[in-house]
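Trainee: sequence and predicted structure, then a few things I'm wondering about:
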Amino acid sequence: MNNRANADGRISKKQFILDYREAHGLAEAGVRELRLIQQELRQRLAAQPSLSYIAGVLRQAGAQINYEDRYTGPAIPPAYAGRLQGVLHFRDLATAEDALRKLDGAYRDYELAGDRSGMQLVRKLVLHGKKRAGSLAGNARVNEAKRREKGEIANWFRVWLESRSLFFEWLEIRKQTEEFERMLPGENPSEASGSVSKPREK
């Protein structure tokens, strides 16, 4: 591979991954391909970035990635990318509600069109959001107020998955409860984001 070096003469992990993709003509990649890249990085750069990081670099470069974990969401086929790519964000309660409204609207349109693949993809995205929010809610490194918020958001995703048709009526009632209102004073939009993207590795 013709790797391009940084100013200090070292090859960055990201550039190594991009060059590997180009050299091997990787239009798509699954766990096997990601592990091969991880192994090459370990051998050549003495580095071992996570599979999530490698998947993220390849996905940003346009490759179709068949891999997901709590950081990396389900692959979105090109036919659905225009509407669904980047929709799942939950920095705070307001952005979580906005994301669910957009995803719910997409689900309804796919349902009317009889597009079962689109419906399943929306459910996969919501399920991923639930898992990611739940993970943040249980992370001791996140402050207590933000953990409560992420736990609330995880519950929203859960209720949508279980009772989609009643979700927004339930949500309006939920937002009027004392328990919900007690959560609001500690909210600080500048705190750690709950986006599904994993913190960038350098």
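Mentor: Cool, the structure landed.
Trainee: in its sheet, what does the helix or strand of the chain with the lowest mean pLDDT sit against?
Mentor: Least confident helix or strand of the chain, by mean pLDDT, DSSP states H and E, is strand 64-65 with a mean of 80. The pairing partners recorded for strand 64-65 under DSSP bridges are strand 28-29 (parallel).
Trainee: after the strand it pairs with, which helix or strand is next? Please name it.
Mentor: For strand 28-29, the following helix or strand on the C-terminal side (DSSP states H and E) is helix 31-45.
Trainee: hang on, the earlier thing: give me the contacts around the least confident helix or strand of the chain.
Mentor: 27, 28, 29, 30, 55, 58, 59, 72, 75, 77 (C-beta atoms under 8 Å, 6 or more residues apart in numbering). (Each C-beta comes from the backbone N, C-alpha and C, glycine too.)
Trainee: which two in the residues you listed are spaced the farthest apart?
Mentor: Distances among the contacts of strand 64-65 were taken as C-beta to C-beta; the most separated pair is 27 and 72, at 18.0 Å.
Trainee: the two: which has the busier surroundings?
Mentor: Counted by other C-beta atoms under 10 Å, residue 27 and residue 72 do not tie: residue 72 has more neighbours, with 23 against 9.
Trainee: no further queries at this time; thank you.
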